[in-house]
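Enquirer: from the sequence below, what's the structure:
(one chain, ligands or ions: 1)
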Amino acid sequence: MNKKAAITGVSAYRPEYILTNKEIEQTLDTTDEWIMSRCGVSERRILKDKNKGTAFMAAEAAKSLLDKKGLTPLDIELIIVATVTPEHPYPATANIVADMIGATNAWGFDIQAACSSFLSAVQTASKFIESGTHKKVLVIGSDKMSSIVDYTCRKTSILFGDAAGAVLLEPSIDETGILDAKLYADGSGKKYLYQPAGGSLIPASIESVTNKQHFVQMDGQAVFKVAVIKMADAAEEMMQRNNLLADDIAFLTPHQANKRIIEATANRMGISMDKVMLNIHKYGNTTSATIPLCLVEWEDQLKKGDNIILTTFGAGFTWGAMYVKWSY
Ligand SMILES: CC(C)(COP(=O)(O)OP(=O)(O)OC[C@H]1O[C@@H](n2cnc3c(N)ncnc32)[C@H](O)[C@@H]1OP(=O)(O)O)[C@@H](O)C(=O)NCCC(=O)NCCS
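Expert: Predicted structure coming up:
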């Protein structure tokens with residue numbers, strides 16, 4: 001039987017600049033109290049350097065992961081970057097990252113499934129491990145959301161931040177690893193959350209820039225209503241498929257879009273908030289980086305054999321969950 005894939009290391013890059021609610025209060029008609037009560041974000045990191053993008057953050061996360069694991073870039077066979085803010089439309093950010101870190105033995109590509117990009121990439125990577133063709137795969141979630149956020153819009157600018165998180169996947173040597181995953185997509189949700197311009201339908205033009213069509217467009221309430229149900233549905237389904245009770249679960253690792261969505265998911269699963277990885281107050285929604293960023297910050301508390309449920313929801317709509325038995 002083919003080996004399962006195991007997450008054998010995690011690392012992250014967080015830009016230094018901290019954009020606080022207090023700073024946002026200076027320029028927009030909003031308050032710290034409103035933002036905290038509606039979405040639970042207190043501050044977010046912003047990559048201020050205009051000469052650095054998504055690939056820089058991804059490469060920093062990858063380099064620190066290689067250092068941590070005592071690996072060289074040449075050990076890596078495949079790099080998958082999950083992102084909605086690629087360095088360029090093409091080539092793939094994964095290829096740029098490979099060049100930046102010197103991973104000349106690695107092929108690579110990007111995966112884009114909005115905020116579900118990271119779990120989609122991990123699921124894809126796990127199949128390369130399970131098939132036996134690859135033994136060391138880097139999955140990096142990296143997003144410079146500040147490049148597509150309109151900082152004059154109080155409805156969206158409060159939510160997002162920049163960051164990158166990386167995981168190493170290797171064949172499992174025991175019963176631990178990525179044991180199950182179920183991902184969903186429903187493209188009819190496009191109109192509620194998308195970036196209208198910059199693709200083939202509306203290429204960049206003076207008009208598209210003037211009309212702010214290169215920024216995130218969101219109907220927050222419509223997204224919230226679907227997210228709060230779908231993320232909880234996916235988490236509950238993952239428990240049922242694997243005969244897991246609330247007491248069996250060590251941690252829930254949810255995509256960090258809104259604290260209230262996360263609380264609703266935990267509530268449906270019957271688990272208390274002390275088992276929920278929650279850092280949205282510090283980083284906001286970093287899109288593809290939220291889940292690996294949580295794994296990094298809870299790494300010290302994780303024990304081999306712990307049952308973890310990862311859940312996601314994003315534009316598309318896309319959503320799903322993954323069951324991981326922690327490997328170290
Ligand atoms: C964005 C979000 C926090 C807004 O909260 P909400 O309770 O739905 O707020 P609404 O959009 O209904 O707006 C309510 C009112 O607050 C106002 N408002 C919006 N943003 C505000 C802000 N930052 N500060 C103060 N008031 C604000 C609105 O203009 C509206 O005023 P009105 O009633 O006079 O028109 C919430 O909808 C949300 O989190 N949605 C999901 C977003 C998400 O998860 N996106 C990523 C998916 S991966």
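Enquirer: what's the closest non-adjacent residue to residue 16?
Expert: Leaving aside its sequence neighbours, residue 16 sits nearest to residue 45 (CB to CB, 6 or more residues apart in numbering; 7.4 Å). From N, CA and C alone the C-beta is placed, and that goes for glycine too.
Enquirer: what secondary structure does the one you found sit in?
Expert: With DSSP: H, G, I helix; E, B strand; the rest coil as the basis, residue 45 sits in strand.
Enquirer: that one against residue 15, yeah?
Expert: Yes - using CB atoms under 8 Å, residue 45 makes contact with residue 15 at a distance of 4.4 Å.
Enquirer: what sits in contact with each of those two?
Expert: Common neighbours of residue 45 and residue 15 (criterion: CB atoms under 8 Å, 6 or more residues apart in numbering): 162-163.
Enquirer: closest residue of the stretch 201-328 of the chain to the ligand?
Expert: Nearest residue of the stretch 201-328 of the chain to the ligand, counting by CB to the nearest ligand atom: residue 220, 2.8 Å away.
Enquirer: quick one: residue 240 and residue 259, what's the gap?
Expert: Residue 240 sits 25 Å away from residue 259, going by CB to CB, to the nearest Å.
Enquirer: same thing with residue 236?
Expert: Residue 236 sits at a distance of 19 Å from residue 259 (criterion: CB to CB).
Enquirer: circling back: neighbour count winner among residue 240 and residue 259?
Expert: For residue 240 versus residue 259, the count of surrounding residues by other CB atoms under 10 Å is larger for residue 259: 20 against 9.
Enquirer: how many other residues sit next to the closest residue to the more buried one other than its chain neighbours?
Expert: In this structure, residue 259 finds its nearest non-sequential neighbour in residue 40, 2.7 Å apart by CB to CB, 6+ apart. Neighbourhood size, residue 40 [other CB under 10 Å]: 19.
Enquirer: what sits against residue 40?
Expert: Counted by CB under 8 Å, 6+ apart, residue 40 has contacts 258-260, 262, 278, 280-281.
Enquirer: got a markdown table for those residues, with secondary structure too?
Expert: As requested, the contacts of residue 40 are exported to a markdown table (three-state DSSP):
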| residue | secondary structure |
| --- | --- |
| 258 | coil |
| 259 | helix |
| 260 | helix |
| 262 | helix |
| 278 | coil |
| 280 | helix |
| 281 | helix |
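Enquirer: near the ligand, from those?
Expert: The subset of the contacts of residue 40 within reach of the ligand, by CB under 6 Å from any ligand atom, is residue 258.
Enquirer: kindly write the PyMOL command that selects the buried subset of the contacts of residue 40.
Expert: Of the contacts of residue 40, the buried ones can be selected in PyMOL as follows, counting by 16 or more other CB atoms under 10 Å:
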select buried, resi 258+259+262+278+280+281
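Enquirer: which one of the contacts of residue 40 sits closest to residue 299?
Expert: residue 278 (15.3 Å; CB to CB).
Enquirer: next, find the distance separating that closest one from residue 119.
Expert: 18 Å.
Enquirer: then residue 100?
Expert: According to CB to CB, residue 100 and residue 119 sit 24 Å apart.
Enquirer: where along the protein do the strands fall?
Expert: Here the chain has its strands, by DSSP state E, at 5-13, 17-20, 43-46, 78-82, 107-111, 137-144, 162-171, 177-185, 193-194, 217-218, 251-254, 307-314, 318-325.
Enquirer: dump the ones you listed to CSV, plus mean neighbour count.
Expert: CSV is the format used below for the strands of the chain (neighbours: other CB atoms under 10 Å):
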stretch, mean neighbour count
strand 5-13, 25
strand 17-20, 16
strand 43-46, 23
strand 78-82, 30
strand 107-111, 20
strand 137-144, 32
strand 162-171, 27
strand 177-185, 18
strand 193-194, 19
strand 217-218, 18
strand 251-254, 25
strand 307-314, 27
strand 318-325, 25
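Enquirer: would you turn the ones you listed into CSV with distance to the ligand?
Expert: CSV is the format used below for the strands of the chain (distance: least, CB to the nearest ligand atom, whole Å):
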stretch, distance to the ligand
strand 5-13, 19
strand 17-20, 14
strand 43-46, 13
strand 78-82, 13
strand 107-111, 16
strand 137-144, 11
strand 162-171, 15
strand 177-185, 13
strand 193-194, 6
strand 217-218, 6
strand 251-254, 11
strand 307-314, 4
strand 318-325, 9
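Enquirer: about what we covered before: neighbour count winner among residue 100 and residue 119?
Expert: Using other CB under 10 Å as the criterion, residue 100 and residue 119 rank with residue 119 on top: 30 against 17.
Enquirer: report the contact partners of the more buried one.
Expert: With the criterion set at CB under 8 Å, 6+ apart, residue 119 makes contact with 181, 183, 291, 310, 312, 320-322.
Enquirer: now it: closest residue in space that isn't a chain neighbour?
Expert: Residue 119's closest residue in space is residue 312 (CB to CB, 6+ apart), at 4.6 Å.
Enquirer: show me what the one you found is bridged to.
Expert: residue 320 (DSSP bridges).
Enquirer: before we move on, what about residue 181?
Expert: When assigned by DSSP bridges, residue 181 has beta-bridge partners residue 322.
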